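Student: what's the 3D shape of this:
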Amino acid sequence: MSAMVEWWERHQVALYVAAIGAGIAVGLIFPAVAPVLSGATNPVLALLLFATFLGVPLIEVGRAIRDFRFPGTVLVVNFVAVPLIAFGLSRFVADDQGLLIGVLLVLLTPCVDYVIVFTGLAGGARARLLAATPLLMLLQIVLLPGYLWLFAGSDTVAHIDLEPFLEAFLILIVIPLTAAAIVQALARRRRAGRVIEQVFAAAMVPLMMVTLAVVVGSQIAGVGSQVVTLLRVVPLYAVFLAIMLFVGVAAGRVVRLPVPETRAVIFSGATRNSLVVLPLALALPAPLAIAPLAVVTQTLIELVGMVVFLWLVPLLTPLRVDGAR
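Tutor: Residues are numbered from 1 along each chain as shown. A predicted model of the protein is given here:
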């Protein structure tokens, strides 16, 4: 099994690209499976996050909270730098209220789920990012209405229901994290716990592949039906990823963060909470029906971008001999 795991890890970028391609093919050839795949998204993502949390000694999470330099940098990047960038990019679709709301919803909310997975795969400080997750989730719930009011107008806020945020936090963070803590405690006393840890550690790459294929396959048909309109937001999302790559690198250098923490800042700033805000967009009235598809489009662009980031981020933030390793 160890040889197979090593092979998966060595070829993970190619495998993720193949998974995205498979999701596109299935979603376009068999559009009727989209509702099934959509219903499977949260369970698959929760399982992936359980495996991720299981690989993080939870005692490290407690230690990670003590130094505020890292979480402070993450908060400034996500709630000061990102809103400014999101506002600037959203002006290119300000003439279309549906696209405008979709772009703002997704760009203003930092990811709190699979960002931890990608951060770990790129050699980033996933334990530190995990420790910052509750604060990231709380602040985006509190600040999102204010940012929408400023950037899109007061009428927009009246259409937003924040209940899906709380539901996603329970399903994608609280339950997997609690389950991981129980298994870690069991592993200290029972062989069964250690076996569970080993199985899920070996399954990380396949679980990520399944997640990518399910998310892409569930949404690609809907995006294809409005592709002409949605082409307007594709370059905005690509530019956002490029900008946040260098914002994250610069933030890490200014604050003098260790390399793994700089990588975590980069991924936190670049990834967005699309799977959580999608229910918010779906709850909007019919005249704004393009908004959820704008959110889904960001998901597809981001997933491809994250595969590129897995290769690019380590090149831009090489490990040094000065203790960052």
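Student: pretty sure Leu45 is in contact with Ile173, am I right?
Tutor: No. With contact defined as CB atoms under 8 Å, Leu45 and Ile173 do not form a contacting pair (10.6 Å). Heads up, the C-betas are built off the backbone N, CA and C, glycines and all.
Student: how deep is the closest residue to Leu54 other than its chain neighbours tucked in, by neighbour count?
Tutor: Nearest residue to Leu54, sequence neighbours excluded (CB to CB, 6 or more residues apart in numbering): Ala180, at 4.5 Å. Counted with other CB atoms under 10 Å, the neighbours of Ala180 add up to 22.
Student: Ok, Glu167 next?
Tutor: 13.
Student: The one 3 residues further on too?
Tutor: Leu170 has 10 neighbours, counted by other CB under 10 Å.
Student: Tell me where the stretch 51-200 of the chain has helices.
Tutor: Along the stretch 51-200 of the chain, the segments classed as helices by DSSP state H, counting those that start in this stretch run 58-64, 69-76, 82-90, 97-107, 114-121, 126-152, 154-157, 163-169, 175-187, 191-202.
Student: Among those, which comes closest to Val313?
Tutor: helix 114-121 (9.1 Å; CB to CB).
Student: got the angle between that closest one and helix 126-152?
Tutor: 140 degrees (axes from the mean of the first three to the mean of the last three CA atoms, to 10 degrees).
Student: so what secondary structure elements neighbour helix 114-121?
Tutor: Here helix 114-121 touches helix 34-54, helix 126-152, helix 204-225, helix 259-270, helix 290-316, going by 3 or more CB pairs under 8 Å, 6 or more residues apart in numbering; DSSP states H and E.
Student: what about the third one, average pLDDT?
Tutor: Averaged across helix 204-225, the pLDDT comes to 84.
Student: ditto for the last one
Tutor: Within the predicted structure, the mean pLDDT of helix 290-316 is 90.
Student: and the direction of it versus that of helix 114-121, what angle?
Tutor: Orientation check (the same axes, to 10 degrees): helix 290-316 against helix 114-121 gives 20 degrees.
Student: how much does helix 290-316 deviate in direction from helix 204-225?
Tutor: Going by the same axes, to 10 degrees, helix 290-316 makes 140 degrees with helix 204-225.
Student: Please name every helix or strand in contact with helix 290-316.
Tutor: Taking 3+ CB pairs under 8 Å, 6+ apart as the contact cut, helix 290-316 packs with helix 12-29, helix 97-107, helix 114-121, helix 204-225, helix 227-230, helix 234-255, helix 259-270, helix 274-282.
Student: For Pro71, which of those is the nearest?
Tutor: Per CB to CB, nearest to Pro71 of the helices and strands packed on helix 290-316: helix 259-270, 10.0 Å.
Student: From the contact counts, what lies against the closest one?
Tutor: Packed against helix 259-270 by the contact rule (3+ CB pairs under 8 Å, 6+ apart) you find helix 69-76, helix 114-121, helix 126-152, helix 234-255, helix 290-316.
Student: what residues are shared contacts of Leu45 and Ile173?
Tutor: Counting by CB atoms under 8 Å, 6 or more residues apart in numbering, the shared contacts of Leu45 and Ile173 are Asp113.
Student: Show me what the mean pLDDT comes to for stretch 118-137.
Tutor: Mean per-residue pLDDT for stretch 118-137: 87.
Student: C-alpha coordinates for that stretch, CSV please?
Tutor: In CSV, the C-alpha atoms belonging to stretch 118-137 read as follows (Å, rounded to 0.1, in the frame of the first residue of the first chain):
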residue,chain,number,x,y,z
PHE,A,118,-4.8,22.1,-0.7
THR,A,119,-2.6,24.0,1.9
GLY,A,120,-1.4,20.6,3.3
LEU,A,121,-0.8,19.2,-0.2
ALA,A,122,1.4,22.2,-1.0
GLY,A,123,3.4,22.0,2.2
GLY,A,124,1.6,24.8,4.0
ALA,A,125,0.8,25.2,7.6
ARG,A,126,-2.6,23.5,7.6
ALA,A,127,-2.8,23.2,11.4
ARG,A,128,-2.5,27.0,11.7
LEU,A,129,-5.0,27.6,9.0
LEU,A,130,-7.4,25.1,10.7
ALA,A,131,-7.1,27.1,13.9
ALA,A,132,-8.1,30.3,12.1
THR,A,133,-11.1,28.7,10.5
PRO,A,134,-13.8,29.5,13.1
LEU,A,135,-12.8,33.2,13.1
LEU,A,136,-12.8,33.3,9.3
MET,A,137,-16.3,31.8,9.2
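Student: How far does it sit from its chain's centre?
Tutor: Relative to its chain's centre, stretch 118-137 lies at 10 Å (CA atoms, centre = their mean, to the nearest Å).
Student: Buried by neighbour count: which residues of that stretch qualify?
Tutor: Neighbour counts over stretch 118-137 (16 or more other CB atoms under 10 Å) mark 118-133, 136-137 as buried.
Student: one step back: which of Leu45 and Ile173 has more neighbours?
Tutor: A direct count of neighbours by other CB under 10 Å for Leu45 and Ile173 places Leu45 higher, at 23 against 20.
Student: Let me see the contact set for the more buried one.
Tutor: Per CB under 8 Å, 6+ apart, neighbours of Leu45: Asp113, Tyr114, Leu172, Thr211, Val215, Leu275.
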